[in-house]
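A.B. asks: Here you go, sequence then predicted model.
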Amino acid sequence: MRSFSLLEIIIAIFIFILVSMGILETLSLGIDSLTVSKLRASALVIAQEEMEFARNLDYNSVGVQGGIPSGNLIPEEEISLNNINYTKKTFIQYVDAPEDGLDELDENGITADYKQIRIEVSWQTKFNSDKIVLLSNYSSDGIETVLGGGTIKLTAFDFQGIPIPQANVLIENNAVIPQISIDTVTNNNGLVTFPGSPVSAESYEITVNKNGYSISKTYSRDSQNINPSPPHLTIIESETTEASFAIDKTSQLTVKTYDNLGTPNWWDNNYNYREQILLTDDSAITSGTEVKIPLSHFNLVESGKSLSSGDDVRIVYGDPLILREIPRINISEWNSSTTALQIAFQTQRAIPANETDNDYWVYYGNPLASNPQIITPIGAIVSGNKLAEEIYTAFLPISNVNFNILGSKIIGKDSSENPIYKYNQNFATGSQSSEGYVTIGNIEWDIYDISINGATEGYDISSSNLSEPISIAPDTANDITFNLVSHTANSLLLTVTDYSNNPIFGANVNLTLNLFNQTKETNINGQVFFSNLSPNDNYIANINLLEYENANYTNIKVSEQSNFTAIINKL
């Protein structure tokens, strides 16, 4: 008799294992399917029992505890069946049928035409979770009837006015008997409607939110808030009370506090050095004129300040709106020990005869720089001069600075008719000396003012990367950095913008009052800061910038830490 070889035995075993695995997988799937079917069957039994019980009640008795309509059915209950825990939720609601007209157009004035019963049974195992839902409409015998009441109609929408489906809506009323507490969600049109709501004066408390969204609600009228906005809702017999609630995705805000000792108006802190360029001539220089400047590039490379390729050498222009790189023109060899390097660029605006434009810089000292903007020379070239080299100095963080954030949305007025703001909270930057910042979540879209009490904190805000008030849009991450100086009793932070609210860089601001006369230039955020001022309502600011109309502002009030925004027009 022929025996099996070792290879044949191994192959047979391998085939047997493959077949067995397939059979086991099929058996496993069958068992899982059977288990799911049993779970669903048990859930269906629970739901059907509840539905049958509800439909066997008198029509006027069909309702849930704390609901509209009210009844004795329990809105949520835990049930154990076959060693599995199920959650049963019962929701009953009046429905206004369109066949006889909706809302005030209903033919017989009864908007609660029938009741809809919704039974949901859900379960959770270590493998999965699922639910079943039963729906049934229940009408009264004969003519439509309703035990009085009006209709609540609520809408949830975002900041653009788009309806929000599946928003959570909580309706509570402790002033009626029985008390009402309904937790539901909006439909696909952002609506929730409850006909047959008991008549009640300013006692329906509404809260609307959604996971990751802001909260919108009604407010109580009391001694702290004598004029709430909006107040709790009032339901009047046979009338519809409508209310809209705006919610949207929340945002994040990081607030940073730094000293004011760093190098101001630096284009890019990846570049360690810069030299300012001065342009002037006896004759007018037109926009687009090519200007050449000398640069000791070989010496810069030898001292480790620049790349031998010259890729880190950039020309930067102080546009009135922002510092930005402009193309350079290469007219000699980089890193040459025998030839003095000269680079050139085109002027970005006209310069009148005998006037100086100092809004150009050459930056270098970024070891990772590549692909500079380069253009080809096209015309005559005039010479420019440079000032001494500047070295970038970082601003240092200041920790433990307390500040207040105040939104603009108002939820009422106090007994002195002062507005009560929805968002008014205090924070502090990080406690570690290396931090100097704090990140705040769940900020809803709004316009915010951020303030520091100079008298208690010992600091005044001398500049910031964003002009206040700041506008925060939904679902965004926002950073604001404050540069701080030592506090003085009275100061002025003046911001210059155009009519589109863009900050104006490089504008000369002359502030005067009697013998006081001081001129400063706005930074890249359009700001100038004046300290050690006298309190007065009559400061005058004269603002001028090439290619812009001169602006003169009078009666500027300075008291403690003051802010003022000036607008100038482009010629």
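C.D. replies: That came in fine, so what should we check first?
A.B. asks: So which residues of the chain form helices?
C.D. replies: Along the chain, the stretches classed as helices by DSSP state H are 6-55, 297-302, 454-457.
A.B. asks: weakest of these by average pLDDT?
C.D. replies: Least confidently modelled of these is helix 6-55, at a mean of 68 by mean pLDDT.
A.B. asks: Could you pull out the buried residues of stretch 349-367?
C.D. replies: Using 16 or more other CB atoms under 10 Å as the test for burial, stretch 349-367 gives 351, 357, 359-366. No exception for glycine: its C-beta is placed from N, CA and C like everyone else's.
A.B. asks: May I have the distance across it, first residue to last?
C.D. replies: 31 Å (CA to CA, to the nearest Å).
A.B. asks: Where does the prediction get shaky in the chain?
C.D. replies: Where the chain drops to pLDDT under 70, the residues are 1-9, 11-14, 16-36, 98-112, 126-127, 141-148, 319-321, 378-382, 432-434.
A.B. asks: How is it partitioned into domains?
C.D. replies: If you go by automatic domain parsing, the domain ranges for the chain are 23-138, 150-249, 267-391, 402-567.
A.B. asks: Can you tell me which of these is nearest to residue 257?
C.D. replies: domain 402-567 (4.8 Å; CB to CB).
A.B. asks: And that closest one, how far out from the chain middle?
C.D. replies: 20 Å (CA atoms, centre = their mean, to the nearest Å).
A.B. asks: Pull up the distance across that domain, start to finish.
C.D. replies: With CA to CA as the measure, domain 402-567 spans 31 Å from end to end.
A.B. asks: Also stretch 307-316?
C.D. replies: One end of stretch 307-316 to the other measures 18 Å (CA to CA).
A.B. asks: quick one: buried residues of that stretch?
C.D. replies: So stretch 307-316, judged by 16+ other CB under 10 Å, has buried residues 307, 310-316.
A.B. asks: do stretch 253-262 as well
C.D. replies: 253, 255-260.
A.B. asks: related to what we said a few turns ago, in strands, which of the buried residues of stretch 307-316 fall?
C.D. replies: Those of the buried residues of stretch 307-316 mapping onto strands are 314-316, per DSSP state E.
A.B. asks: with those residues in mind, which one is nearest to residue 193?
C.D. replies: So of those, ranked by how close each gets to residue 193 (CB to CB), first place is residue 316, at 60.2 Å.
A.B. asks: OK, contacts around that closest one?
C.D. replies: Shown in contact with residue 316 (CB atoms under 8 Å, 6 or more residues apart in numbering): 267, 274, 323-326, 360-363.
A.B. asks: so how far is residue 362 from it?
C.D. replies: According to CB to CB, to the nearest Å, residue 316 stands 8 Å off from residue 362.
A.B. asks: Could you do residue 188 as well?
C.D. replies: Residue 188 sits 60 Å away from residue 362, going by CB to CB.
A.B. asks: Also residue 531?
C.D. replies: Separation of residue 531 from residue 362 (CB to CB): 32 Å.
A.B. asks: Then residue 373?
C.D. replies: From residue 373 to residue 362 the distance is 13 Å (CB to CB).
A.B. asks: Now the common contact residues for those two.
C.D. replies: Common neighbours of residue 373 and residue 362 (CB under 8 Å, 6+ apart) are residue 314.
A.B. asks: Can you point out the buried residues in stretch 544-560?
C.D. replies: Across stretch 544-560, burial judged by 16+ other CB under 10 Å covers 545-546, 548, 551, 553, 556, 558.
A.B. asks: next one: stretch 223-230
C.D. replies: Across stretch 223-230, burial judged by 16+ other CB under 10 Å covers 225, 227-228.
A.B. asks: cool, stretch 514-532 as well?
C.D. replies: Quick answer for stretch 514-532 (16+ other CB under 10 Å): 521-531.
A.B. asks: Could you save those residues as TSV and add columns showing distance to residue 69?
C.D. replies: Formatted as TSV, these follow (distance: CB to CB, whole Å):
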residue	distance to residue 69
521	71
522	65
523	65
524	63
525	59
526	60
527	61
528	66
529	64
530	67
531	67
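A.B. asks: what's the most distant pair in those?
C.D. replies: Top of the distance list for those (CB to CB): 524 and 531, 20.1 Å.
A.B. asks: and the closest residue to residue 347 other than its chain neighbours, how many neighbours does it have?
C.D. replies: Among residues not flanking residue 347 along the chain, residue 289 sits closest, at 4.8 Å (CB to CB, 6 or more residues apart in numbering). As a burial measure, residue 289 scores 19 neighbours (other CB atoms under 10 Å).
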